[in-house]
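J.: here is a sequence together with a model predicted from it:
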Amino acid sequence: MGAMTVQVEGLSRRYGNIRALDGVDLTLERGITGLLGPNGAGKTTLLSVLATINEPDAGQVSVFGLNPKDRAERVEIRRRLGYLPQELGYHRHFTVAAFLDYVAILKEIVDRRQRAQEVARVLAAVGMERLGRRKIRTLSGGFRQRLAIAQALLGRPELLILDEPTAGLDTEQRLRFRELLSNLPGDPVIVLSTHQADDIAAICPRVVVVLEGRIHFAGTPAALAETAKGHVWTAERRDERAHMSWRDGDNRWRHIGDRRPADSETAVPTVEDGYLLLSHATGTR
Amino acid sequence: MSRIGARAVVKLAQIEAGQLARSILVLAGLGFGGLLVWVFANHDQPVWWNGGWQIGYGQVVISLTVLIAAHLATARAHRDGLAELYDSFPSSAGQRTLAHLIGVLGAVPACLVLIGAVIGFFDLHSVIGTPDLAALAGGVLLVLAAGAIGVAIGSRFPHPLAGVLGAFVWFVPFSQSNRWSGAITWLFPWVEPPQLKDLPGPLSGYPPAAAHAVELAALAVLAGVVALALTAPARRQRIALGAGAAAALTAIVVACAVQCQPIPSAKLNHLMTEVATTGSAQGCTTSAQVHYCLYPEFDSLLASLQAPVDGVLAHLPVQPVPALTIAQTSELTLDNPLDDPTLTHGHSTQQVAMWIAQLQSAPANLPSSSAIYVDLGSWPARPQLADARFDLALGAAEWAVGLPTSTGLAARPVQCVPLNQAREAIAIWLAAQATHLPPAHFQGGNNGRLIGYSLAQVDGTPVITWVYPGEEASYLASPGPQPTAAGYLLAQAMTRLAPARVTTVLAESWDSWTSGRATDAQLAAALGIKMPAVPSGLVGPLGNPITLQPGTVPPQPACTP
């Protein structure tokens, strides 16, 4: 399979009458892939299928050549997996180190010394090396999110699935997170679901836009931005015909639309512009 | 399960066991369980054939908290919003459940601490017999079964109240077991048969401890199988679990069938003979013309019985005739012989009636002036020992002064009252001298020691009687006469005199003083003291005022000379 390490073909998943995924074809390579889409687009369902905790109604998934439908191969995928669900709770009465130690055992890191080293490594990676003895209930929301990221990093996973990992992080923490992901050793496959388009632009060489259960774009962030070329303008006044308009930092109106507003200047499109235009084109905004 | 998966299970189980062992709930259960055993076992001298079952009640309390704690631990991932994350790990839900089940072993230290503490407590109180390992193991297995049930509930119902509800349901059989009789009682998770402490020694099969331990172990396995079945969906695993469940159910059925077997007639015949014909089973030791007859298991009781009797003998100017016999007797012979159906279940009514008749012919059921019967299993632990020794010393002193020592119980006779008989005060004085109790020890009132005054009717006349230390506790199976308040007050006045002076006066005409014809006033005059008057406003053992109202109490005879 070469560089193609995760492959999805014709993936569909329904919840009652709701079609969460509808014939998704996707190939994930080593490196970071950003997953963009509005709430309810199917991102979390897609990630949970990749994490082997959700079975699709139809379609095929191959992770490192392993089929998650086979029990033994599913366990093997899980041994290579790091997963951060969208809404993660905490064992409040555990200490930080005890929680990570517990998760490390669940990840079958059974050697005590190796486990201790691994816990120390991930704590250092998220900047919590001094907080190992703290009860989780005493941590702030930001630190809890860092702890959630830390547990996903345990065992040096080859496939790292992060569902909105920067939710709850402040600007500095987000920048640290970008740094952390960029420096992960072993060149793992990382799938990052986020609402933060600037996160995607900053660290993802590849972006996938999911809308209404389908993949509507897969390419580089620059290519996504390029889709909005000729559709983004700035002007002194608001244009009612624009799909979306907002004041930018220069107190000028930024318009995204199909018609150029009067007295406007063409702007350089961003990933966000591309995503918004795509969303509008599919009727999800 | 892969080798690394098995190692992960062991590691997880270690963590879960450690958490359970340190759980506040389990520690609280240990505290309350210990308190419960203390309440049960604090009064009487402990005997091991009953003690293991008393400890079990402490384990019942621990089992309730272990069930809740195991449930909370098992449901932790769901409760804390981590179920989805846990599902992404190579360790499966079945493996995690298995770890929780093994982790229930973390409750064992609490069980062992309880057992160890009670053993220490029992040793301090001169426990009789040797521990019944099957009963002790049964208590531990009870806790493990509850923990496994907690895991099973947690595997399916993660809500915290599900564990509490489960503990409540687990508690129901304990609270309702007294509604049943016969062998079915054994099938309840834990029961202590009411007449177990009345046995002169352990009786194999009463209760059927080994079979009950097997039942509880199988129950633990069954609960574990259910827990695993709820979380291990693979078909191959389910087949193995089905086999495990079948084996556990079979073990439960077999264990229940064994428990329902009646105790063999030969064993019960032997027991009835031991209890009814005490001479066949008891070993007797003679010291200063007093025979002490004890069941073999109770040899260590001898010194405790001898001390107060020797104290009485030391103050006697004349050795009484005939010799005194102090023997143990079982409550099995008393009012309602064999009223515990678990002892005789499976035997014909005719056979049980024959045993009852045999028991009713026991010596303790007959009146006597030369025998004192110590109630087996009622000899107290240290806090009440002074009262029991006074009770026995008074019995010995009554023998010395010619009063009846045992009323007998077969025909429900009433105690005689030594009304205005000097020998009564002498007996009380002798008992007080023998036990060296301070005057304050006889202080009555509502102080929880049930000492005070009561009312009797002798020959149509109301008489205020004295409820002496230990009387209400029935340390002696069949008491002697009912002392009067006048006799007690005279004896109390005598204790203020030098003992040698009293002994000299008594020795001068011992036969006269103990004839039953010498009066309290005559004795007071001989001693040169004023006869104390019975004051008004006396109160009963519970603090109730005593009023002289003839006809309100049943008549009692005066003790004959």
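T.: Structure received. All values reported here derive from a predicted model rather than from experimental measurement.

J.: which residue is the nearest non-sequential neighbour of the residue in the stretch 201-350 of chain B positioned nearest to chain A?
T.: Using CB to the nearest CB, B:Ala234 is the residue of the stretch 201-350 of chain B that sits closest to chain A, at 6.8 Å. Bear in mind the C-beta positions are built from the backbone N, C-alpha and C, glycine included. Spatially, and ignoring its direct neighbours in sequence, B:Ala234 is nearest to A:Arg71 (6.8 Å; CB to CB, 6 or more residues apart in numbering or on different chains).

J.: would you map the helices across chain A?
T.: Ranges of helices in chain A, per DSSP state H, are A:43-50, A:71-79, A:96-106, A:112-125, A:141-153, A:171-182, A:197-203, A:221-226, A:271-281.

J.: and the last one, what's buried?
T.: Spelled out, that is helix A:271-281. Residues of helix A:271-281 classed as buried: A:Val271, A:Glu272, A:Asp273, A:Gly274, A:Tyr275, A:Leu276, A:Leu277, A:Leu278, A:Ser279, A:His280 (neighbour count, 16 or more other CB atoms under 10 Å in any protein chain shown).

J.: show me what contacts the closest residue to chain B within chain A?
T.: Nearest residue of chain A to chain B: A:Gly89, at 2.4 Å (CB to the nearest CB). A:Gly89 makes contact with B:Asp80, B:Gly81, B:Leu82, according to CB atoms under 8 Å, 6 or more residues apart in numbering or on different chains.

J.: all helices of the stretch 151-300 of chain B, in order?
T.: Applying DSSP state H, counting those that start in this stretch to the stretch 151-300 of chain B gives helices spanning B:160-176, B:209-231, B:235-259, B:265-276, B:278-281.

J.: okay, buried residues for the shortest one please.
T.: What that stands for is helix B:278-281. Those would be B:Thr278, B:Ala281, for helix B:278-281 by 16+ other CB under 10 Å.

J.: now the buried members of the contacts of A:Gly89.
T.: So, by 16+ other CB under 10 Å, the buried ones in these are B:Asp80, B:Leu82.

J.: neighbours around residue 39, how many?
T.: In the absence of a named chain, this looks at chain A. The number of residues packed near A:Asn39 is 7, by other CB atoms under 10 Å in any protein chain shown.

J.: um, chain B though
T.: 11.

J.: go on, B:Asp123?
T.: Counted with other CB under 10 Å, B:Asp123 comes out at 10.

J.: kindly report the same for the one 3 residues further on.
T.: Residue crowding around B:Ser126 was assessed by other CB under 10 Å; the count is 16.

J.: same check, this time on A:Gly168
T.: A:Gly168, neighbours per other CB under 10 Å, totals 16.

J.: with B:Thr519 instead?
T.: Neighbour count of B:Thr519, defined by other CB under 10 Å: 14.

J.: please name the nearest non-neighbouring residue to it.
T.: Among residues not flanking B:Thr519 along the chain, B:Asn420 sits closest, at 5.1 Å (CB to CB, 6+ apart).

J.: need the contact list for that neighbour.
T.: Applying CB under 8 Å, 6+ apart to B:Asn420 gives the contacts B:Thr484, B:Ala486, B:Thr519, B:Asp520, B:Ala521.

J.: surely it is in a strand?
T.: No. The assignment for B:Asn420, made by DSSP: H, G, I helix; E, B strand; the rest coil, is coil rather than a strand.

J.: coming back round to it: among the helices of the stretch 151-300 of chain B, which is the most enclosed?
T.: Comparing the helices of the stretch 151-300 of chain B by mean neighbour count (mean count of other CB atoms under 10 Å in any protein chain shown), helix B:209-231 comes out on top with a mean of 23.

J.: give me the distance from that one to the chain's centre.
T.: From the chain centre to the centre of helix B:209-231 is a distance of 30 Å (CA atoms, centre = their mean, to the nearest Å).

J.: with adjacent residues omitted, what lies nearest to the residue of chain B found nearest chain A?
T.: Among the residues of chain B, B:Gly81 lies closest to chain A, at 2.4 Å counting by CB to the nearest CB. Nearest in space to B:Gly81, with sequence neighbours left out and distances taken as CB to CB, 6+ apart, is A:Gly89 at 2.4 Å.

J.: any idea how far that neighbour lies from A:Phe99?
T.: According to CB to CB, to the nearest Å, A:Gly89 and A:Phe99 sit 11 Å apart.

J.: kindly reformat the helices of chain A as TSV containing mean pLDDT.
T.: Listed next are the helices of chain A as TSV, based on pLDDT from 0 to 100:
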stretch	mean pLDDT
helix A:43-50	92
helix A:71-79	91
helix A:96-106	95
helix A:112-125	93
helix A:141-153	90
helix A:171-182	84
helix A:197-203	85
helix A:221-226	91
helix A:271-281	86
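
J.: closest one to B:Gln433 among those helices?
T.: B:Gln433 sits nearest to helix A:96-106 of all the helices of chain A, at 67.2 Å, using CB to CB.

J.: what helices and strands are in contact with the closest one?
T.: helix A:112-125, helix A:141-153, helix B:3-22 (3 or more CB pairs under 8 Å, 6 or more residues apart in numbering or on different chains; DSSP states H and E).

J.: count the residues that sit near B:Ser378.
T.: Neighbours around B:Ser378, by other CB under 10 Å: 20.

J.: my guess is it contacts B:Gly470, does it?
T.: No. Taking contacts as CB atoms under 8 Å, B:Ser378 lies outside contact range of B:Gly470: 10.1 Å.

J.: give the closest residue to B:Trp53 in space, chain neighbours not counted.
T.: Computed as CB to CB, 6+ apart, the closest residue to B:Trp53 that is not its neighbour in sequence is B:Glu192, at 4.1 Å.

J.: got the contact list for A:Leu159?
T.: Residues near A:Leu159 by CB under 8 Å, 6+ apart: A:Thr5, A:Val6, A:Leu50, A:Val63, A:Phe64, A:Ile77, A:Arg80, A:Leu81, A:Gly82, A:Pro188, A:Val189, A:Val191.
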